[in-house]
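J.: predicted coordinates and the sequence they were generated for:
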Amino acid sequence: MNLRIYEAPESIPEAPAGGRVVAIGVFDGVHRGHQRILREAVERARLVDDSVVAAVTFRPHPEAVLRPERAPRQLTALDRKAELMDALGVQELMVVRFDRAFADLSPADFCAQVLSRRLGARLVLVGENFRFGHHAVGGPEDLRQYGREHGFETSTVPLSEEDGKTISSTRIRGLIGSGHVAEATRLLGRPHRIEGVVVAGVGRGRTLSAPTANLAVEAETALPRHGVYVTRSLLSGMGAYASVTSVGTNPTFEADGVVRIETLLLDYEGDIYGARMAVDFLEWIRGQQRFAGPDVLAERIRLDVEAARGFLSRRPDLLDSN
């Protein structure tokens with residue numbers, strides 16, 4: 001990865017002679033709307049010799065500080081966000097620690113401390129719904145006015161739409177949470193991915209002739225609706241594999257209410273405990289069910305695998321890793 005990440009303001013190097021073209025946003029999901037802003041930043045930077053494309057994002061999500069009870073689940077962790085931005089041509093990522101002190105900055109202080117003093121912005125790009133500063137009183141016009149006074153241009157990028165509705169992280173979370181992962185794929189521009197470490201389960205899958213990899217993920221990860229999905233699983237250093245993934249509380253055997261993510265790799269055999277794995281959600285198969293016993297569940301798993309293979313035989317392109 002070529003992108004450089006700066007998580008402390010003092011670590012950001014001085015701006016090059018051509019300044020920085022800066023895109024600002026939470027960018028959770030790096031969905032098609034975000035991609036539009038970032039691609040425009042990359043294109044504009046190419047027109048200026050010795051300029052750098054930088055993105056500014058915030059951690060944690062501002063809602064986690066301002067309204068913790070409404071804090072959204074995370075579509076993309078920081079490392080995944082950086083990976084996606086790198087693929088788009090972004091060269092630097094500044095991660096601003098969003099806390100109460102930062103939330104209390106006025107729009108002018110935000111521009112002075114972040115855009116002028118730290119980044120040496122030449123051009124700043126934001127979505128047309130961008131808000132910033134104390135109580136979110138600042139908008140694109142405030143940014144534009146400050147830029148006129150302090151030497152940078154501001155460009156407002158129109159929101160992207162699909163089916164007549166704005167593409168947003170909130171909309172995508174809603175689709176994922178209701179199991180509509182294929183529609184979420186259209187808005188993201190790629191399948192929704194969760195990542196984590198394969199941990200030991202109780203070993204029940206082997207007795208059902210369906211040994212599964214149990215994935216431990218961060219608590220704030222956005223999970224699909226409880227059910228079974230066609231997935232693509234990527235094992236670090238070992239490629240992509242067709243898979244079936246269950247997200248749910250395993251009501252046939254468990255009564256603890258703990259959500260488990262269990263993936264059956266269709267064409268892989270081997271010990272992957274401790275390995276890092278990414279799971280891309282491609283298509284819904286069915287909702288979570290409670291079965292009468294192991295034999296009934298084993299037959300249902302067989303049908304799930306059959307459904308997944310049928311789907312992937314029609315869409316072999318979905319097994320390409322990215």
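T.: Structure's in. What do you need? Residues are numbered from 1 along each chain as shown.
J.: of all the residues in the helix or strand harbouring residue 278, which ones are buried?
T.: Using DSSP states H and E, residue 278 sits within strand 276-287. Counting neighbours by 16 or more other C-beta atoms under 10 Å, one finds that the buried residues in strand 276-287 are 277-285. Glycine gets a C-beta too; all of them are placed from N, C-alpha and C.
J.: please tabulate these in JSON lines, including the columns pLDDT and distance to residue 96.
T.: Formatted as JSON lines, these follow (pLDDT from 0 to 100; distance: C-beta to C-beta, whole Å):
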{"residue": "277", "pLDDT": "95", "distance to residue 96": "30"}
{"residue": "278", "pLDDT": "96", "distance to residue 96": "26"}
{"residue": "279", "pLDDT": "97", "distance to residue 96": "30"}
{"residue": "280", "pLDDT": "97", "distance to residue 96": "29"}
{"residue": "281", "pLDDT": "98", "distance to residue 96": "30"}
{"residue": "282", "pLDDT": "98", "distance to residue 96": "34"}
{"residue": "283", "pLDDT": "98", "distance to residue 96": "37"}
{"residue": "284", "pLDDT": "98", "distance to residue 96": "36"}
{"residue": "285", "pLDDT": "98", "distance to residue 96": "40"}
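J.: can I get stretch 8-17 in PDB? Just the C-alpha atoms.
T.: Output in PDB follows, covering the C-alpha atoms of stretch 8-17 (Å, rounded to 0.1, in the frame of the first residue of the first chain):
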ATOM      1  CA  ALA A   8      -1.000  12.600  15.100                       C
ATOM      2  CA  PRO A   9      -1.100  16.100  13.700                       C
ATOM      3  CA  GLU A  10       2.600  16.700  14.500                       C
ATOM      4  CA  SER A  11       3.500  13.700  12.300                       C
ATOM      5  CA  ILE A  12       2.100  15.300   9.100                       C
ATOM      6  CA  PRO A  13       5.000  16.600   6.900                       C
ATOM      7  CA  GLU A  14       5.000  20.100   5.500                       C
ATOM      8  CA  ALA A  15       2.900  20.500   2.400                       C
ATOM      9  CA  PRO A  16       4.700  20.200  -0.900                       C
ATOM     10  CA  ALA A  17       5.100  23.200  -3.200                       C
END
